[in-house]
Every structure is written in C-alpha cells, then in structure tokens.
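>>> coordinates only, sequence not included:
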C-alpha cells in the first residue's frame with residue numbers, strides 16, 4: 001500500500017497532467033473558428049481522445065491500488081465517500097465515450113452541432129474538475145493526521 005506522501009506525489013503529478021490536457025481542450029473549444037473548421041475539428045477530435053484516454057487510465061489507476069484503497073485502509077469510515085467517487089468514475093467513462101463518439105461524427109457544415117458539442121465538453125470538464133477537487137479534499141482529510149496536520 002502506498003504511503004501518504006507517495007499518494008500525495010502521485011495525485012499532484014496526475015492532476016498537473018489533467019490540468020494541462022483540460023486547459024488545451026478548453027482553449028480548443030473556446031476558440032472555434034469561422035474558417036478552416038476542418039483542421040480545427042480534426043485537432044478537437046485528437047485532443048478530446050487524448051484527454052479521454054488519460055482520464056480513463058487515471059480512473060483505472062485510482063481504482064486499482066491507487067489512493068482509494070489507501071484511504072479505505074487507513075479510514076474505513078470514508079467508505080461512502082470513496083464509493084461515491086467510484087460511482088462517478090463508472091459514470092464518467094461512458095459519458096466521455098458518448099461525447100467522443102458525438103465529436104467523431106461532427107461535420108464541418110454543422111455549426112450548431114459543433115457549438116453543442118463544445119458546450120458538452122465544457123460541461124464535462126467542469127464536472128471532472130469538481131470531481132478532482134472532491135478527491136483532493138478526501139485525501140487531505142484522510143491523511144492529514146498521518147502527515148502531521150491535526151487541525
């Protein structure tokens with residue numbers, strides 16, 4: 001089982017990568033062009049797939065020996081909180097796949113569909129950011145005594 005400091009380091013590294021991918025994706029959806037839409041759309045598809053693949057890997061790592069098991073081992077009373085996060089992982093995967101499939105079927109001549117897909121991606125990014133914040137708080141709360149924070 002990883003130590004609290006190993007969990008904290010891993011979470012920091014993962015969250016930095018997620019923030020980098022999310023920022024790039026946000027920039028893409030916030031700057032949809034009026035011309036050269038075909039190149040922008042190809043880049044959107046590629047960036048969303050990179051983000052989706054990373055998030056799915058991230059969720060799998062959290063589930064398989066990542067911090068969730070460590071939280072439960074040290075703080076069994078957090079079972080409901082951990083389960084809620086696991087449920088969100090289970091729901092987020094198919095949601096990301098649904099959006100990815102939608103984005104992959106977008107065509108240049110459908111500007112309303114493009115805008116709608118961008119809005120869905122923005123919404124997903126907000127949901128996942130809130131999820132990550134909740135995870136951070138849970139880990140901080142679970143391991144604060146182990147790391148010397150008794151407040």
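Okay, I see it. Since we're looking at a predicted model, the values are computed, not measured.
>>> enumerate the positions of the helix or strand of the chain with the lowest mean pLDDT that are buried.
Of all helical and strand segments in the chain, the minimum by mean pLDDT, DSSP states H and E falls on helix 67-74, at a mean of 81. Using 16 or more other C-beta atoms under 10 Å as the test for burial, helix 67-74 gives 67-72, 74. (C-beta placed from N, C-alpha, C; glycine too.)
>>> mind putting these into JSON lines with distance to residue 105?
What follows is the buried residues of helix 67-74, written out as JSON lines (distance: C-beta to C-beta, whole Å):
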{"residue": "67", "distance to residue 105": "36"}
{"residue": "68", "distance to residue 105": "34"}
{"residue": "69", "distance to residue 105": "38"}
{"residue": "70", "distance to residue 105": "40"}
{"residue": "71", "distance to residue 105": "39"}
{"residue": "72", "distance to residue 105": "40"}
{"residue": "74", "distance to residue 105": "45"}
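>>> and which of these is nearest residue 91?
Within these, the smallest distance to residue 91 is 15.6 Å, found for residue 68 (C-beta to C-beta).
>>> that closest one contacts residue 86, correct?
Yes - contact criterion C-beta atoms under 8 Å: residue 68 and residue 86 qualify, at 6.8 Å.
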